[in-house]
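Participant: using only what follows, build the 3D model:
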Amino acid sequence: HEAILTMKLNGSNLLALSFLFSSANAFIAHKAVTFSHTASFAMPTEISQAEVSPCEEPHVRNVLMVECGFGNDSHGQNCTKAAVRACRNAIEFNSLSIDTIIPGGYDGMKLNVILAVPVQYQDGLDLEEVRKVFPYGDINFVIQNGGMVAPSGRQIEALGDTNDDMIIVCAAVQVGY
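Facilitator: Down below sits the predicted model:
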């Protein structure tokens, strides 16, 4: 099955869309670190090298849409909170008629969730919490080194700070089948 999407784009949107598709194709060819997750498979709460495997085949063969977002945790250095916010930012302003564009509707929907997380905070990433953002779909998580650590300017122990790092996570969510 093929789906045709028509969009009215201005120059900057076209450039961003072009970047997203070229980045997604380069990413798939790069064999990044992936984690597969479905409702019947419980993901570990922490990532270890033993659980890392290369992406041999794309999880989403027919990408219909790529939604992008970012999230941050200003205090507490919680990359899970930043990742949840990034994923919510990516999907919350979109509405897709999944049952009309994906064969099998919600049961046939696949998501490839690519998260760029600062290396020094990846061990604290809880993919079970991030998974809760998505009400439907067979989800594959891909964790990349990235995101950003920026100084918040203040360390507030009452808010859980161990330093003044502000954690920023970027998300790209491929939707398809």
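
Participant: for the nearest residue to residue 119 once chain neighbours are set aside, give me its contacts.
Facilitator: The shortest distance from residue 119 to any non-neighbouring residue, by C-beta to C-beta, 6 or more residues apart in numbering, is to residue 145 (4.9 Å). In this view, the C-beta of every residue, glycine as well, is placed from N, C-alpha and C. By C-beta atoms under 8 Å, 6 or more residues apart in numbering, the contact list for residue 145 reads 116-119, 122.

Participant: roughly how far does residue 145 sit from residue 100?
Facilitator: 38 Å (C-beta to C-beta, to the nearest Å).

Participant: now the helices for the protein?
Facilitator: 11-30, 79-91, 98-101, 127-131 (DSSP state H).

Participant: for stretch 127-145, what is the average pLDDT?
Facilitator: The average pLDDT within stretch 127-145 is 96.

Participant: got the end-to-end distance for it?
Facilitator: 16 Å (C-alpha to C-alpha, to the nearest Å).

Participant: one more: stretch 104-120?
Facilitator: 40 Å.

Participant: any buried residues in it, and which?
Facilitator: By 16 or more other C-beta atoms under 10 Å, the buried positions in stretch 104-120 come out as 109-118.

Participant: how many neighbours does residue 135 have?
Facilitator: 7 (other C-beta atoms under 10 Å).

Participant: the one 5 residues further on too?
Facilitator: Burial measure for residue 140: 20 neighbouring residues, criterion other C-beta under 10 Å.

Participant: just checking, residue 65 touches residue 112?
Facilitator: No: using C-beta atoms under 8 Å, residue 65 is not in contact with residue 112, being 11.3 Å away.
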